[in-house]
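K.L.:
Based on what follows, work out the 3D shape:
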Amino acid sequence: MAEVEKIVHDLVQPIADERNLELVDVEYVKEGSSYYLRIYLDKENGIDIEEIAATSELISEALDSLEPDPFPVAYLLEVSSPGLERPLKNQNDWDKALNNFIHVKLYQKLDGQKIFEGVLQKMDEDEIQIQIKVKTRTKEIVIPRENIASSRFAIEF
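P.N.:
Next comes the predicted model:
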């Protein structure tokens with residue numbers, strides 16, 4: 001599936017660039033008995049439904065013209081915004097997350113927890129530092145990047 005995602009990414013990237021959009025992610029997944037090709041797009045001040053629809057048509061046409069067809073079975077195409085709680089997939093995403101509220105899941109517990117939410121204060125290639133709330137206090141916690149299973153922007157309540 002990773003090969004299909006790479007082919008689609010390389011096909012969609014020029015379309016996104018031409019329309020001044022950010023290609024956030026490509027997923028090719030099986031859910032139940034159906035396969036889904038999900039393409040997430042965004043832009044500086046958010047993307048609207050008209051832009052998604054117009055870009056979806058261009059992507060669909062480009063996918064239909066692929067030779068040889070990289071898809072082993074029929075799939076459903078979904079083109080959408082990654083939403084407010086978009087995942088942090090690459091360094092550009094992490095840069096945008098600096099000083100913002102994020103959600104981090106870990107592979108192994110740190111201070112007895114595997115999930116943290118807080119403001120990303122610092123980062124380098126080896127670790128991140130987030131400020132979390134513990135009841136009425138705040139606390140800084142350093143998390144090794146190698147221990148991060150997944151991360152995303154989060155909405156603070």
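K.L.:
separation between residue 89 and residue 135?
P.N.:
According to Cβ to Cβ, to the nearest Å, residue 89 and residue 135 sit 32 Å apart. Bear in mind the C-beta positions are built from the backbone N, C-alpha and C, glycine included.
K.L.:
tell me the domain ranges of the protein?
P.N.:
For the chain, automatic domain parsing gives the domain ranges 2-80, 91-153.
K.L.:
Next, count neighbours for the nearest residue to residue 117 once chain neighbours are set aside.
P.N.:
Closest residue to residue 117 apart from its sequence neighbours, by Cβ to Cβ, 6 or more residues apart in numbering: residue 103 at 5.0 Å. Residue 103 has 18 neighbours, counted by other Cβ atoms under 10 Å.
K.L.:
what helices or strands is the helix or strand in which residue 103 is found leaning on?
P.N.:
If you go by DSSP states H and E, residue 103 is part of strand 101-110. Secondary-structure packing of strand 101-110 (3 or more Cβ pairs under 8 Å, 6 or more residues apart in numbering; DSSP states H and E): strand 113-123, strand 127-134, strand 137-144, strand 148-153.
K.L.:
Distance from the first one to the middle of the chain?
P.N.:
In other words, strand 113-123. 17 Å (Cα atoms, centre = their mean, to the nearest Å).
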